[in-house]
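Chemist: sequence unknown, structure follows:
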């Protein structure tokens, strides 16, 4: 399958080409700035090292998007979704998690945000 052409790194002044948003040299710095200035400080406590381990184990057990599988498609899962959000009392238990591709996770998140309004 052909790959998309690489695009310039989004870090200001960086000439490197990358497949993602940032090149390898700037990815960790961009994440650090995002966590420091744009993300809710409580999220670092909730989604720390423990969550990363739980997420990696869950994706290893469930490598395919659960929502796409129900629709008859085979798509790799990239994200782990909390069925009941942590902010609303949900936990990191396996029964509260769902492996999803980026598009399904975005669709669920947008639907949830619209229902809260």
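Modeler: Yes, it's here. What you are looking at is a predicted structure, and each value in this text was computed from that prediction instead of being measured.
Chemist: Where is the longest helix in this structure?
Modeler: Using DSSP state H to define each element, the chain has its longest helix at helix 102-116.
Chemist: Name the residues that touch that one?
Modeler: Identification of contacts with helix 102-116 by Cβ atoms under 8 Å, 6 or more residues apart in numbering yields 65, 67, 68, 78, 79, 81, 85, 100. Heads up, the C-betas are built off the backbone N, CA and C, glycines and all.
Chemist: May I see the ChimeraX selection of the buried members of these?
Modeler: Only the buried entries of the contacts of helix 102-116 go into this ChimeraX selection, using 16 or more other Cβ atoms under 10 Å:
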select :65,67,68,79,81,100
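Chemist: Can you pick out the most distant pair from the contacts of helix 102-116?
Modeler: Checked with Cβ to Cβ, these reach their widest spread between 68 and 85, with 21.6 Å between them.
Chemist: what's the domain layout of the chain?
Modeler: Domain assignment for the chain, taken from automatic domain parsing, gives 1-39, 47-117.
Chemist: Show me what counts as buried in the shortest one.
Modeler: The reference is to domain 1-39. Neighbour counts over domain 1-39 (16+ other Cβ under 10 Å) mark 9, 11, 18, 22, 23, 26 as buried.
Chemist: Which residues are in contact with the last one?
Modeler: This points to residue 26. Applying Cβ under 8 Å, 6+ apart, we find residue 26 in contact with 9, 11, 14, 16.
Chemist: Farthest pair within those?
Modeler: Pairwise distances across those (Cβ to Cβ) peak at 8.4 Å, for the pair 11 and 16.
Chemist: list residues touching both of these two?
Modeler: The contact sets of residue 11 and residue 16 overlap at 23, 26 (Cβ under 8 Å, 6+ apart).
Chemist: how about the strands in this structure?
Modeler: 7-8, 17-18, 79-82, 97-100 (DSSP state E).
Chemist: would CSV of those strands with mean pLDDT and distance to residue 57 be doable?
Modeler: Formatted as CSV, the strands of the chain follow (pLDDT from 0 to 100; distance: least, Cβ to Cβ, whole Å):
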stretch, mean pLDDT, distance to residue 57
strand 7-8, 88, 32
strand 17-18, 89, 28
strand 79-82, 94, 10
strand 97-100, 96, 10
